[in-house]
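Engineer: Structure, please.
(one chain, ligands or ions: 2)
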Amino acid sequence: MREFAYERATDAGGAVAAVLADPDAVFLGAGTNLVDHLKLGIIAPGKLVDVSGLPLDQVTQLPDGGVRIGSAVRNADLAAHPAIRARYPMLSAALLAGASAQLRNLATTGGNLLQRTRCPYFQDSTVPCNKREPGSGCSAIGGFDRDHAILGASDRCIATHPSDMAVAMTGLDAVVRVLSAVGERQIPLVDFYRLPGDTPDRDTVLDHGDLITAVDLPALEWASTSTYRKVRDRASFAFALVSVAAAVDIADGVVRDARIAFGGVAAKPWRAFAAEAHLRGRAATEENFAAAADTELADARPRRQNGFKIPLARNVLVATLRELSEAR
Ligand SMILES: Cc1cc2nc3c(=O)[nH]c(=O)nc-3n(C[C@H](O)[C@H](O)[C@H](O)COP(=O)(O)OP(=O)(O)OC[C@H]3O[C@@H](n4cnc5c(N)ncnc54)[C@H](O)[C@@H]3O)c2cc1C
Ligand code: SF4
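Structural biologist: Ligands and ions are numbered 1, 2, ... in the order given. Below you'll find the predicted structure:
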């Protein structure tokens, strides 16, 4: 491993300045993903600027009824927060479906959003991978592709995004607050991640030195009827094959509104806008749930080994919506 400098940031502006001053510097959250990458030789930064101790570790109520989550809030604290559990249960459930208790105690909100793909070839620095080394090729195409994307992939990369938390936040219309040298900007999470296209090495729209300071959740009264369902190879400590975060507003047996996002199917959490539009104004029936899933998955393109993800995603969405409609 290459030697690196370590600096503990004490304020957000100082952290941004420290990373901007050095093209080889990166932010360090709890290190549960980044340190693995150091050890595997996937990255070799010259400097780590630790932002896990910044005073950004609070969950606060916003005047408009929304909630602000500081980027240093630990995953376990966020999952257990009373406002999150009561008002956004799909987010609490998604967090609890991820990693292990020990990891959740450490992992930060900012770091969780920016964790990188679990494609096995990305994590093996001896084989070609366009995401790790642009232009080197994609070992998953024609290789082991069982865990890979069915939506939004390109001929350069077919990886999926691993975060459970980000799927729930995408469904909740979360907005990421980012600090850079020119001030703070807000990026809707649906626009934050990039599909691979010709540049799969860029996971997000962030630039060098952009610090995530917080994530805002808008007020959504009916998100109290929401949940997260994750299908994986083991009951715990495994990434999603397919997951669904969903909230529904049902009155008199009719879906007034819905928020749906899939995990495990694309390079980003996949907001199911087409399924939501299909459901609005329709009866909350199994038939309509299945039709909504089919609408969303119409463009799904399976690889050699992951065709099972299409019926799996359909079934998981239908089961999730059934559960929520019965909970009303
Ligand atoms: C064995 C194992 C199993 C796991 N299982 C799951 C799972 O099932 N589901 C799941 O969702 N996750 C899972 N994870 C991943 C885990 O959730 C992430 O490792 C964790 O959330 C990353 O948070 P961190 O604070 O440790 O980030 P770090 O590892 O410190 O950083 C990750 C990235 O974020 C950047 N970064 C950190 N903070 C900021 C900031 N404020 N602004 C800008 N950039 C920043 C870093 O530079 C780095 O690029 C698992 C991890 C392990 C090791
Ligand atoms: S799918 Fe993406 S991350 Fe995996 S080997 Fe191909 S380029 Fe790399």
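
Engineer: Could you report the neighbour count for Leu34?
Structural biologist: Counted with other Cβ atoms under 10 Å, the neighbours of Leu34 add up to 21. (Each C-beta comes from the backbone N, C-alpha and C, glycine too.)

Engineer: nearest residue to it other than its sequence neighbours?
Structural biologist: Nearest residue to Leu34 in three dimensions, chain neighbours excluded: Leu28, at 6.0 Å (Cβ to Cβ, 6 or more residues apart in numbering).

Engineer: quick one, what contacts that neighbour?
Structural biologist: Tyr6, Leu34, Leu48, Val49, Asp50, Val51, Ser52 (Cβ atoms under 8 Å, 6 or more residues apart in numbering).

Engineer: pLDDT score assigned to the second one?
Structural biologist: Spelled out, that is Leu34. Leu34 carries a pLDDT score of 98 in this model.

Engineer: Now do it against Asp147, distance only.
Structural biologist: Distance from Leu34 to Asp147, counting by Cβ to Cβ, to the nearest Å: 22 Å.

Engineer: Provide the secondary structure category for Ala274.
Structural biologist: Three-state assignment for Ala274 (DSSP: H, G, I helix; E, B strand; the rest coil): helix.

Engineer: same question but for Leu91, I mixed them up
Structural biologist: Taken by three-state DSSP, the conformation at Leu91 corresponds to helix.

Engineer: I'd assumed Val167 was in contact with it.
Structural biologist: No. In this structure, Leu91 is not within contact of Val167 by Cβ atoms under 8 Å, at 9.4 Å.

Engineer: Please identify the residues of the stretch 101-250 of the chain in proximity to ligand 1?
Structural biologist: The stretch 101-250 of the chain has residues 103, 107-108, 110-112, 114-115, 162-165, 211-212, 237, 239 near ligand 1, with proximity defined as Cβ under 6 Å from any ligand atom.

Engineer: where's the residue in the chain that ligand 1 sits nearest to relative to Leu34, distance?
Structural biologist: Taking Cβ to the nearest ligand atom as the measure, the chain has Gly111 as its residue closest to ligand 1, at 2.0 Å. Distance check for Gly111 against Leu34: by Cβ to Cβ, it reads 7 Å.

Engineer: and if you look at Gly137?
Structural biologist: For Gly137 relative to Leu34 (Cβ to Cβ), the value is 25 Å.

Engineer: what's the answer for Ala94, then?
Structural biologist: Applying Cβ to Cβ to Ala94 and Leu34 gives a distance of 21 Å.

Engineer: Enumerate the residues of the stretch 51-200 of the chain near ligand 2.
Structural biologist: So the stretch 51-200 of the chain meets ligand 2 at 117, 119, 121-122, 129-131, 138-140, 157-159, 200 (Cβ under 6 Å from any ligand atom).
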